[in-house]
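Undergrad: have a look; sequence and predicted model below, questions after that.
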Amino acid sequence: MAVLQIVLLFCVGSSIAEDLFSPNVNIITELEKLKNMEERIQKLENENEALKTLLQESQIKIEHFQKDNEVNKIAFSAGLMASGQGQTGPINSEEILVYKKVFSNIGNAYDSNTGIFTAPVKGVYYFRFYGHCHGGTTMAISLQKNGVTQCSVFAWKPTSNGNGSNGVVLTLEPGDKMYTKLWRNTWTYDDPASYTSFSGFLIFPL
């Protein structure tokens with residue numbers, strides 16, 4: 001009987017030892033799985049960092065685009081008289097016309113106190129101006145770029161009301177100044193209908 005008990009204890013001990021040293025789970029396989037999982041996690045972290053960098057670069061580009069877009073919105077249009085009616089001139093010298101009735105001034109490049117448009121950016125611009133006079137008078141207005149005449153309108157003592165209009169496309173550098181001048185000994189007329197006006201806008205930057 002004692003011998004049988006010893007045999008049974010030996011068998012049970014062998015079984016336990018086998019379970020301890022030869023488990024059902026393959027440790028090497030599980031370690032490989034953990035390693036693969038760590039590699040996947042690291043890859044995801046790298047991709048996440050790359051995505052963050054891409055988003056930051058995209059945000060910077062959007063901000064720059066918005067800023068450039070705002071800078072490139074340049075346009076103005078103004079009539080000579082803010083209210084009422086009357087003539088300007090004649091005087092014995094040329095006179096810069098100051099257009100007080102501002103219809104639009106996007107970009108604030110036109111100064112209604114001086115009548116001067118100052119180019120904020122290098123680009124190609126379009127300008128147009130109109131002049132009006134009554135019968136028997138002479139009207140002559142020139143568009144000036146930094147004091148140099150670009151084009152003009154002229155009406156010499158028409159039998160009835162006279163009108164003139166001209167326009168030009170110019171390349172301007174930042175700081176270039178555009179304005180119109182009334183010739184000496186001539187005059188122009190304006191009223192709430194804004195017969196005499198000055199307009200310009202940026203076509204595209206350079």
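TA: That came through fine.
Undergrad: beta partners of residue 132?
TA: Legend: beta-bridge partners of residue 132 under DSSP bridges are residue 163.
Undergrad: wait, what's in contact with it?
TA: Taking C-beta atoms under 8 Å, 6 or more residues apart in numbering as the criterion, residue 132 is in contact with 139, 161, 162, 163, 164, 188, 189, 190, 195, 196. All C-beta atoms are positioned from the backbone trio N, CA, C, and that covers glycine.
Undergrad: just checking, what's the longest helix in the protein?
TA: helix 27-71 (DSSP state H).
Undergrad: and the helix or strand that comes right after it, what other elements does it pack with?
TA: As assigned by DSSP states H and E, the chain's next helix or strand after helix 27-71 is strand 75-79. With contacts taken as 3 or more C-beta pairs under 8 Å, 6 or more residues apart in numbering; DSSP states H and E, strand 75-79 sits against strand 101-106, strand 197-205.
Undergrad: now tabulate those strands in JSON lines and tack on mean pLDDT, mean neighbour count and distance to residue 131.
TA: Formatted as JSON lines, the helices and strands packed on strand 75-79 follow (pLDDT from 0 to 100; neighbours: other C-beta atoms under 10 Å; distance: least, C-beta to C-beta, whole Å):
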{"stretch": "strand 101-106", "mean pLDDT": "98", "mean neighbour count": "14", "distance to residue 131": "15"}
{"stretch": "strand 197-205", "mean pLDDT": "97", "mean neighbour count": "18", "distance to residue 131": "9"}
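Undergrad: any idea what the closest residue to residue 179 other than its chain neighbours is bridged to?
TA: Among residues not flanking residue 179 along the chain, residue 116 sits closest, at 4.6 Å (C-beta to C-beta, 6 or more residues apart in numbering). Beta-bridge pairing for residue 116 (DSSP bridges): residue 111.
Undergrad: nice, that's everything, thank you.
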